[in-house]
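Novice: A structural model of the following input is requested.
(one chain, ligands or ions: 2)
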Amino acid sequence: MRRTAEAPAEEPRTVSGHDRPPDRATTVEVVGVGHAFGALAVIDRLDLGVGAGEVVGLVGPSGCGKSTLLELVAGLLEPDGGSVRVGGQGAAPERLARCAYMPQRDLLLPWLSAIDNAALGPRNRGASRADARRAAAPLFERFGLGGFERSRPSELSGGMRQRVAFLRTLLAGKPVLLLDEPFASLDAITRAEMQEWLAAAIAAQARSVLMVSHDVEEVLYLCDRVVVLSPRPARAVAELRAPAPRARPRDETVAATDFGAVRERALRALREGAR
Ligand SMILES: Nc1ncnc2c1ncn2[C@@H]1O[C@H](COP(=O)(O)OP(=O)(O)O)[C@@H](O)[C@H]1O
Ligand SMILES: [Mg+2]
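Specialist: Ligands and ions are numbered 1, 2, ... in the order given. All right, here's what the predicted structure looks like:
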C-alpha cells in the first residue's frame, strides 16, 4: 500500500498488532481486491491488513465502497478479483465464522426484546436464555440502556438501537469485529462516551477491529491505523498511524498537538484522493 510521505517512522508508535507476528486466527488480509456491482466498479485493487489485536479505521467519501469492503471481509460478498482471508481462511463461510459484523443499519429482530437481541450470540452458542441475558445485562447498564432490557426495538430511539446492535456485535464472541459507522446516530455526548468505552473494551479484550467512520477524529482516537480511501472505485490513498495510545481520556487525546497534526494529514489525504 502507498503511504503518505508525511507519515515518518519516528512518529510515536501506538500499541499495535502491526509490530507483532500475525496471529492467523485474528488477521484480516485483503490483497488486490476488486469488486463491481454490474457496470459499477466499487473497489479497485485494494490491499488492506488488520493484525492481531489491531484496530484499523477506514475513512472515505460517501458511496466509495466502505460498506461493500466490510461485506467482502465478512464473507457476505465474494470479490471479483484478488483474495480476502480472515484468520488465514478464504472461503466465505470461514470468514463469516470469524467475523462479527455490525452493519450500518441496526437490523435488530423486531420480535425480540432489546436484551434478547443483544444476547443472540451467546444463545446461538447454546447458552440458555437466562444465561445469555445474564451475559448481556451488565453491558446494558454500562451503555445507558438499563431499564430498557425488555423493550422492543420499535420502542427504542435510533441511538439506543445502535447501542443494542453494538452490544450484539461484542457479545457475538468472534475474534474480528467489523463495525460500519457504529456511532453514527448517537448525539455528541453519548458518542464521546461510547468511543471511550469502546477504546477501553478493545484494550481489555484483544480483538481485531476494522471500523468504518465518516469522522476522522473518531477513527484517529479509536484506531491504531487509519486507511484513507479514494472516491469510488475505492483505492487506499493514504495510511496514517494514530498519534496516541487509545483509551487515554478522549478530550486529552483529541486536544493534543500531534493529534491535530495527524488529523490535518488525514483530511488532506481525503481531499487529495478526491482529485
Ligand atoms: N447490492 C448492491 N447493488 C448495486 N449497487 C450497490 C450495492 N451495494 C452498494 N452499491 C453501490 O456501490 C457503491 C458503494 O456503496 P457502499 O459500499 O455502500 O459505499 P459507502 O459505504 O462507502 O458509502 C454505491 O454507489 C452504492 O450505491
Ligand atoms: Mg456505508
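Novice: From now on I want contacts and neighbour counts done on CA atoms only, so please keep to that.
Specialist: Fine.
Novice: Contacts for the helix or strand hosting Glu71 next, please.
Specialist: Glu71 is part of helix 66-74, with elements assigned from DSSP states H and E. For helix 66-74, the surrounding residues in contact (C-alpha atoms under 8 Å, 6 or more residues apart in numbering) are 28, 30, 42-43, 58-60, 77-79, 84-86, 92, 95-96, 99-101, 103-104, 178, 180, 210, 212, 234.
Novice: Send me that helix as CSV with only the CA atoms.
Specialist: Presented in CSV, the C-alpha positions along helix 66-74 are these (Å, rounded to 0.1, in the frame of the first residue of the first chain):
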residue,chain,number,x,y,z
LYS,A,66,-16.6,1.2,2.5
SER,A,67,-19.7,-0.9,3.4
THR,A,68,-19.0,-3.1,0.4
LEU,A,69,-15.5,-3.8,1.7
LEU,A,70,-16.8,-4.8,5.1
GLU,A,71,-19.3,-7.2,3.4
LEU,A,72,-16.4,-8.7,1.4
VAL,A,73,-14.4,-9.3,4.5
ALA,A,74,-17.4,-10.7,6.4
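Novice: tell me the angle the helix or strand following that helix makes with helix 66-74.
Specialist: With elements assigned by DSSP H and E, the helix or strand that comes after helix 66-74 is strand 81-86. On the basis of axes from the mean of the first three to the mean of the last three C-alpha atoms, to 10 degrees, strand 81-86 is oriented at 70 degrees to helix 66-74.
Novice: which strands and helices sit next to the helix or strand where Arg265 lies?
Specialist: Taking DSSP H and E as the criterion, Arg265 maps to helix 257-273. In terms of contacts (3 or more C-alpha pairs under 8 Å, 6 or more residues apart in numbering; DSSP states H and E), helix 257-273 is packed against helix 216-222, strand 225-229, strand 236-241.
Novice: what's the first one in contact with?
Specialist: What it means is helix 216-222. For helix 216-222, the external contacting residues (C-alpha under 8 Å, 6+ apart) are 55, 57-59, 195, 198-199, 211-213, 226, 242-244, 246-247, 250, 253-254, 259, 263, 266-267.
Novice: as a whole number, average confidence for stretch 53-62?
Specialist: In this model, stretch 53-62 has an average pLDDT of 92.
Novice: List, one by one, the residues from the protein near ligand 1.
Specialist: Residues of the chain found near ligand 1 (C-alpha under 6 Å from any ligand atom) are Phe37, Val42, Ser62, Gly63, Cys64, Gly65, Lys66, Ser67, Thr68.
Novice: Emit the ChimeraX select command for whichever of those are buried.
Specialist: A single ChimeraX command selects the buried members of the residues of the chain next to ligand 1 (16 or more other C-alpha atoms under 10 Å):
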select :42,64,65,66,67,68
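Novice: Spell out which two among the residues of the chain next to ligand 1 are the most distant pair, please.
Specialist: Maximum pairwise distance among the residues of the chain next to ligand 1 (C-alpha to C-alpha): 16.4 Å, between Phe37 and Ser62.
Novice: which stretches of the stretch 1-150 of the chain form helices?
Specialist: 66-74, 92-98, 114-118, 120-124, 129-142 (DSSP state H, counting those that start in this stretch).
Novice: Can you say which of the contacts of helix 66-74 are buried?
Specialist: For these, a burial check counting by 16+ other C-alpha under 10 Å picks out 28, 30, 42-43, 58-60, 78-79, 84-86, 92, 95-96, 99-101, 103-104, 178, 180, 210, 212, 234.
Novice: tell me the contacts of the residue nearest the centre of the chain?
Specialist: Nearest to the geometric centre of the chain sits Met211, at 2.1 Å (C-alpha atoms, centre = their mean). Listed by C-alpha under 8 Å, 6+ apart, the contact set of Met211 reads Val55, Val56, Gly57, Leu58, Leu177, Leu178, Leu179, Asp180, Glu181, Val219.
Novice: Out of those, which comes closest to Leu170?
Specialist: Nearest to Leu170 out of the contacts of Met211 is Leu177 (C-alpha to C-alpha; 7.6 Å).
Novice: any idea how far Arg45 is from that closest one?
Specialist: According to C-alpha to C-alpha, to the nearest Å, Leu177 stands 23 Å off from Arg45.
Novice: ditto for Ala165
Specialist: Distance of Ala165 to Arg45, computed by C-alpha to C-alpha: 31 Å.
Novice: So these two - more neighbours on which side?
Specialist: Ala165 (24 against 16; other C-alpha atoms under 10 Å).
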